[in-house]
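J.: sequence and predicted model, in that order:
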Amino acid sequence: MEPRIYTSMCEEETFRLGFDMASDLRSGDTVALYGDLGAGKTEFIKGVCEGLSVDEIVSSPTFTIVNQYAGKSSDGRGVIIYHIDLYRVESVDELEEIGLPETLADPLAIKLIEWSEHGTQILPMNRVDVRFTALEGEENCRKIEVQIVGLLEGAADLLS
Ligand SMILES: Nc1ncnc2c1ncn2[C@@H]1O[C@H](COP(=O)(O)OP(=O)(O)OP(=O)(O)O)[C@@H](O)[C@H]1O
Ligand SMILES: [Mg+2]
């Protein structure tokens, strides 16, 4: 499936894109985010979590690697959200030590992964990839590319 490409001109627009994506996410889905420091991954995830009615403070779990929030999916059912940040992860062994493959295999939770570049070996086959690129010379401008990888039940909605 062709990727969908957005241009965000400010933090709020990136948040909104995440918020809008939330309504198309089903329990069990994985969103893999890629992009440099400060590209907007956490801002996007804050939007997703707002869309999933998370009340807790959403922040990059850079040191803990995994944060867990309680939310509600669009059908009103409770859903666990794992906010994962692989920035500091250097090897697959490390990912296995902290049980990340099991976390990612949770069929009911929604998984949102920052720095997915550092965990390509363990990403689920079926997922949404979201790639962030800062545009040169335009401080607040970001290209955000959304691509469905493999099979995803809500795929048609995600790219509509
Ligand atoms: N269009 C934009 N979208 C998102 N953030 C933007 C945008 N323009 C400027 N910003 C700024 O860029 C920063 C994005 O920070 P954020 O924490 O979301 O990045 P990140 O990709 O999670 O970085 P890290 O890899 O360090 O976790 C914020 O300071 C935000 O205000
Ligand atoms: Mg971040």
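T.: Received the coordinates, thanks. Ligands and ions are numbered 1, 2, ... in the order given.
J.: helix/strand/coil for residue 121?
T.: helix (DSSP: H, G, I helix; E, B strand; the rest coil).
J.: that one against residue 93, yeah?
T.: No: taking contacts as C-beta atoms under 8 Å, residue 121 lies outside contact range of residue 93: 10.7 Å. All C-beta atoms are positioned from the backbone trio N, CA, C, and that covers glycine.
J.: any residue of the helix or strand hosting residue 20 up close to ligand 2?
T.: Here residue 20 sits within helix 11-22, counting by DSSP states H and E. No: Helix 11-22 lies out of reach of ligand 2 by C-beta under 5 Å from the ion, never closer than 11.6 Å.
J.: against which helices or strands is that helix packed?
T.: Applying 3 or more C-beta pairs under 8 Å, 6 or more residues apart in numbering; DSSP states H and E, we find helix 11-22 packed against strand 4-8, helix 41-51, strand 142-149.
J.: out of the ones you listed, which is the most enclosed?
T.: Compared across the helices and strands packed on helix 11-22, helix 41-51 shows the largest average neighbour count, a mean of 24 (mean count of other C-beta atoms under 10 Å).
J.: in what element of secondary structure is residue 101 found?
T.: helix 100-105.
J.: what about that helix, distance to the chain center?
T.: Centroid separation between helix 100-105 and its chain, computed with C-alpha atoms, centre = their mean, to the nearest Å, is 15 Å.
J.: what does stretch 33-40 give?
T.: 11 Å.
J.: show me what counts as buried in it.
T.: 33-35, 39-40 (16 or more other C-beta atoms under 10 Å).
J.: ok, it near ligand 1 or not?
T.: Yes: applying C-beta under 6 Å from any ligand atom, one finds stretch 33-40 touching ligand 1 at 35, 37-40.
J.: and if you look at stretch 6-19?
T.: Yes: Stretch 6-19 lies within reach of ligand 1 by C-beta under 6 Å from any ligand atom, at 8-11, 13-14.
J.: most neighbours among those, which one is it?
T.: residue 14 (25 neighbours; other C-beta atoms under 10 Å).
J.: brilliant, that's me finished.
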